[in-house]
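Asker: What follows is a predicted structure for the sequence shown.
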Amino acid sequence: MARVRGLETLEPAYEAWLESRLAHGAARLRFQQERERLEQQGSFLVGAVRAASQERAGSAPAAESALASADEPMRDFLREAEEKLARAREMLAKDEADSEERYQAAFEEIRSTVQDRVRRYLASSPPRLRLLLRKVGATRAILHVERVSGDAPVLLLYLFAGRIPSRYGFLFDDSTEDVSLPPAPLYPEEGVAPGEVRPEASALVARVRAPGEVLPVKGFLPVFVPRLEGGEDFFRLLQRGPVMEVEVAEGPGFRSVLTREESERFAGHLLRLKLEGRLELEVEAG
């Protein structure tokens, strides 16, 4: 947190955030392992006492009162062990709750700090985009946006979606957990389960629209463009090497060859942001 408070740039804040998430995950794993160890210890002691009592009963068959008297030390031992384990579980639960509270407070401070800086940077120095039009026949086109760098991806995500990304280098992250599949569009964090990182277009739209401060997107920028008749179309700027390719959601996937009307509406949306002073824009038709 000292690094977050001491530097005014975005990247160190994100580095501290990532380190805190990793430490948080490690702490949760340690607490889980300790709970499992205590449960195993309790189960083992009960089994050992049961085995010892059966051994006594088998080796000294006598009256029930004598057996009960002989088992009394075992019951005392088990009771004391269970009380000790109960105290250990209570202490563990308290330590875990305190740890979780500290981490959540740190995460809240980091998120708030990043949001404040993003808003200030957007107001003082809007990001710059260069839109490239490539015609495909008379009525269709492919739109590219020149690759951006530095803080621009973070600022653009906030400008387009009103949320900050969960990672600083999200736009250029082409890693994949399965080499037979393209990179997933979501990170498994901020409420996204590992099995939910490759949603269809409609589910991805719902994830981007969902309330929250942080968006765990990866490899693209989401853009909602209004329709003349009402509603919105969901576009994304998908990172592809030196450019970002503009795609529109269609059915379960996305389409990169746009109609003339779609390409004009997308360009018009960026132009409106430029006229509002929220974006620097250059358009080139090729």
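Answerer: Yep, that arrived. Everything numeric in this text was worked out from a predicted model, so none of it was measured.

Asker: contacts and neighbour counts: CA atoms only from here.
Answerer: Fine.

Asker: where does E247 land in three-state SS?
Answerer: State at E247, reduced to three classes by DSSP: H, G, I helix; E, B strand; the rest coil: strand.

Asker: meant to ask about H144
Answerer: For H144, the assignment made with three-state DSSP gives strand.

Asker: so who does it touch?
Answerer: Going by C-alpha atoms under 8 Å, 6 or more residues apart in numbering, H144 touches L131, L132, L133, R134, V243, M244, E245, V246.

Asker: how close does it sit to E72?
Answerer: 81 Å (C-alpha to C-alpha, to the nearest Å).

Asker: for R140, same thing?
Answerer: 88 Å.

Asker: Comparing those two, which residue is more hemmed in?
Answerer: In terms of neighbours (other C-alpha atoms under 10 Å), R140 is the more surrounded of R140 and E72; the figures are 15 against 12.

Asker: Report pLDDT for the more buried one.
Answerer: Note on R140: pLDDT of 93.

Asker: What of the one 10 residues further on?
Answerer: In the prediction, the pLDDT value recorded for G150 is 92.

Asker: neighbouring contacts of stretch 129-140?
Answerer: With C-alpha under 8 Å, 6+ apart as the test, stretch 129-140 has contacts from 141-146, 148, 257-260, 267, 279-286.

Asker: can you do 7 Å?
Answerer: The contact list for stretch 129-140 (C-alpha atoms under 7 Å, 6 or more residues apart in numbering) reads 141-146, 257-260, 280-286.

Asker: Buried residues, that stretch. List them.
Answerer: For stretch 129-140, the neighbour count (16 or more other C-alpha atoms under 10 Å) marks L129, R130, L131, L132, L133, K135 as buried.

Asker: same thing with stretch 267-281?
Answerer: Neighbour counts over stretch 267-281 (16+ other C-alpha under 10 Å) mark A267, L270, L271, K274, R278, L279, E280, L281 as buried.

Asker: same for the host helix or strand of the second one, what does it pack against?
Answerer: In other words, L270. Using DSSP states H and E, L270 falls within helix 260-275. Helix 260-275 sits against strand 140-146, strand 280-285, with contacts defined as 3 or more C-alpha pairs under 7 Å, 6 or more residues apart in numbering; DSSP states H and E.

Asker: quick one, strands of this structure?
Answerer: Remark: strands assigned in the chain by DSSP state E are 128-136, 140-146, 164-165, 214-215, 220-226, 232-240, 243-250, 253-255, 258-259, 280-285.

Asker: And K135, how far from L129?
Answerer: K135 sits 19 Å away from L129, taking C-alpha to C-alpha as the criterion.

Asker: Same check on L221?
Answerer: Taking C-alpha to C-alpha, one finds L221 at 13 Å from L129.

Asker: now P194
Answerer: Counting by C-alpha to C-alpha - P194 and L129 are separated by 33 Å.

Asker: Likewise for M244?
Answerer: From M244 over to L129 (counting by C-alpha to C-alpha), the distance is 11 Å.
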